[in-house]
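Visitor: Prediction below, plus the sequence it came from.
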Amino acid sequence: MAPKNAFYAQSGGVTAVINASAAGVIETARKHGDRIGKVFAGRNGITGALKEELIDTSHETDDEIRALIHTPGGAFGSCRHKLRNIDENRHEYERLIEVFRAHDIGYFFYNGGGDSQDTAFKVSQMAERMGYPLNCIGIPKTVDNDLPFTDCCPGFGSVAKYVATSTLEASLDIQSMCDTSTKVFILEVMGRHAGWIAAAGGLAGKNPGDAPHIIVFPEHPFEREAFLNKVDQCVKDHGFCVVVASEGAQYEDGRFLAEAGQKDAFGHTQLGGVAPTLANMVKQSLGHKYHWAVADYLQRSARHIASQTDVEQAYAVGEAAVNYALEGRNGIMPIIKRESSDPYRWHISEAPLNEVANQEKKMPIHYTTDEGFGITADCRAYLEPLIQGEAFPPFEKGLPKVAKLENRPVEKKLKADFKL
């Protein structure tokens, strides 16, 4: 009997290291060619399976697959497409199984965050209902670091390193000019409901008075007067004030500071810029000259300053996903288990998808200071190992070299097109 093929797809916002997970999947599958046939990738995530737009990765050279480890973005395209409950949207799940059957796919690897793990779990349920043999393994990925069970999420360590570095460097810029120019700098970072990325900015300051002077977390209700008083006091004490603010900062009643009034494909509120909102507060109430910046896609695509720890973990969860599937495992996600912080040691374990799906891991309350504007020693001890090591990509003519995949399409076998 010929070995079954595998399907791998990337989902949600990409990271600097999601392609390292892809490399982990593809390279490991190639080592087991007697048990796994071809690895097909979904063009633009799960929608690639629904539309039968598959990519045959067997056409890529070993060198190009290896180059994925130092290539940011999503090599096969990602998407924000949420599969609803099976009973409400049965036709999409039936379509997936139809495509998998047509292309003899027996392994399903879905690389993403909480919503993506929910998708992987539901696909495993539907395959079981329809009597189709399919090993479904979720692969963790999210810069927000909010998946449960795992010590950290691949993608987070590199964002944390970028944000901490940017905060340190920008603070030196502001400090050098504050006597005659800018006195307040605000850096907006990602983090809808969990302040892990904002907390990483706190790694830039190790001594009292070091920047960042204020961190605005989504876990702490925002109080305008307390924030402005803190800014003003910092300017008086240090001559300047550096703020790292999570995009998900919200008032006590749950309103986001920067709600744009729209929702994304997953039903999440679209956020519209907390940094300019805070800057306007400073201008109107204190009159200090300010600058603000939004890290936005830069923070999650900055492969040039990725954490070596993060790269290694991203590859490891992709590798583990294939090994678990070959063991006949189903409905699980590889996770990272911390053994010690100093020195940092970890190993791969597993968690059931039905418990991972749609769960958010927020920062423990003891990771933030009593006033809610800084991180504690416990938080620093958790974060510091995750940004360790440099994994610089190769450079050519001053710019990073990245993988150049052919992404050849697989010939369609089903006649009917599928409308999303």
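Guide: Structure received.
Visitor: quick one: the residue minimising distance to the centre of the chain from R300, how far?
Guide: Taking Cα atoms, centre = their mean, the centroid of the chain lies closest to T142, which sits 2.1 Å from it. Relative to R300, T142 is positioned 10 Å away (Cβ to Cβ, to the nearest Å). From N, CA and C alone the C-beta is placed, and that goes for glycine too.
Visitor: list the residues that contact both of those two?
Guide: G13, T15, G155 (Cβ atoms under 8 Å, 6 or more residues apart in numbering).
Visitor: possible to save those as CSV with pLDDT and secondary structure?
Guide: As requested, those are arranged in CSV below (pLDDT from 0 to 100; DSSP: H, G, I helix; E, B strand; the rest coil):
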residue, pLDDT, secondary structure
G13, 94, coil
T15, 98, coil
G155, 98, coil
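Visitor: Turn the residues you listed into a markdown table, including neighbour count.
Guide: Output for the shared contacts of T142 and R300, formatted as a markdown table (neighbours: other Cβ atoms under 10 Å):
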| residue | neighbour count |
| --- | --- |
| G13 | 21 |
| T15 | 34 |
| G155 | 30 |
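Visitor: Can you tell me which of the residues you listed lies closest to G112?
Guide: Using Cβ to Cβ, G13 comes nearest to G112 of the shared contacts of T142 and R300, at 8.9 Å.
Visitor: Hmm, the closest one is touching R300, no?
Guide: Yes. Using Cβ atoms under 8 Å, G13 is in contact with R300, at 6.4 Å.
Visitor: Quick check: what element follows the lengthiest helix in the chain along the chain?
Guide: Longest helix in the chain, counting residues (DSSP state H): helix 156-177. Sequence order places strand 184-189 as the next helix or strand after helix 156-177, per DSSP states H and E.
Visitor: tell me what that following strand is packed against?
Guide: If contacts are counted by 3 or more Cβ pairs under 8 Å, 6 or more residues apart in numbering; DSSP states H and E, strand 184-189 sits against helix 156-177, helix 196-201, strand 241-246, helix 274-285, strand 290-294.
Visitor: can I get these in a markdown table with distance to D56, mean pLDDT and mean neighbour count?
Guide: Shown next, in a markdown table, are the helices and strands packed on strand 184-189 (distance: least, Cβ to Cβ, whole Å; pLDDT from 0 to 100; neighbours: other Cβ atoms under 10 Å):
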| stretch | distance to D56 | mean pLDDT | mean neighbour count |
| --- | --- | --- | --- |
| helix 156-177 | 29 | 98 | 22 |
| helix 196-201 | 36 | 98 | 30 |
| strand 241-246 | 41 | 98 | 30 |
| helix 274-285 | 43 | 96 | 19 |
| strand 290-294 | 38 | 97 | 18 |
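Visitor: right, so of these, which gets closest to K412?
Guide: The nearest among these, by Cβ to Cβ, is helix 156-177 at 36.3 Å.
Visitor: what's the offset of the closest one from the middle of its chain?
Guide: 19 Å (Cα atoms, centre = their mean, to the nearest Å).
Visitor: what packs against that helix?
Guide: Packing contacts for helix 156-177, counted by 3+ Cβ pairs under 8 Å, 6+ apart, involve strand 184-189, helix 196-201, strand 241-246, helix 296-301, helix 308-326.
Visitor: and of these, who's closest to D118?
Guide: Of these, nearest to D118 by Cβ to Cβ is helix 308-326, at 16.7 Å.
Visitor: how about A316, what does it touch?
Guide: Taking Cβ under 8 Å, 6+ apart, one finds G24, P334, I336, I348 in contact with A316.
Visitor: correction: I18
Guide: Counted by Cβ under 8 Å, 6+ apart, I18 has contacts Q10, G74, S78, N111, K141, P154, G155, A314.
Visitor: hey, where'd the helices end up in the protein?
Guide: Going by DSSP H, the chain shows helices at 18-31, 46-50, 62-67, 90-102, 114-129, 156-177, 196-201, 224-238, 274-285, 296-301, 308-326, 353-356, 377-383.
Visitor: The last one: which residues count as buried?
Guide: Counting neighbours by 16 or more other Cβ atoms under 10 Å, one finds that the buried residues in helix 377-383 are C379, Y382, L383.
Visitor: quick one: the first one from T47, how far?
Guide: It stands for C379. For C379, the distance to T47 - Cβ to Cβ - is 38 Å.
Visitor: next one: the last one
Guide: In this structure, L383 lies at 35 Å from T47, with Cβ to Cβ as the measure.
Visitor: list residues touching both of G13 and R300?
Guide: V143.
Visitor: Redo the helices and strands packed on strand 184-189 as JSON lines? Include distance to D63.
Guide: Converted to JSON lines, those look like this (distance: least, Cβ to Cβ, whole Å):
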{"stretch": "helix 156-177", "distance to D63": "23"}
{"stretch": "helix 196-201", "distance to D63": "33"}
{"stretch": "strand 241-246", "distance to D63": "39"}
{"stretch": "helix 274-285", "distance to D63": "41"}
{"stretch": "strand 290-294", "distance to D63": "36"}
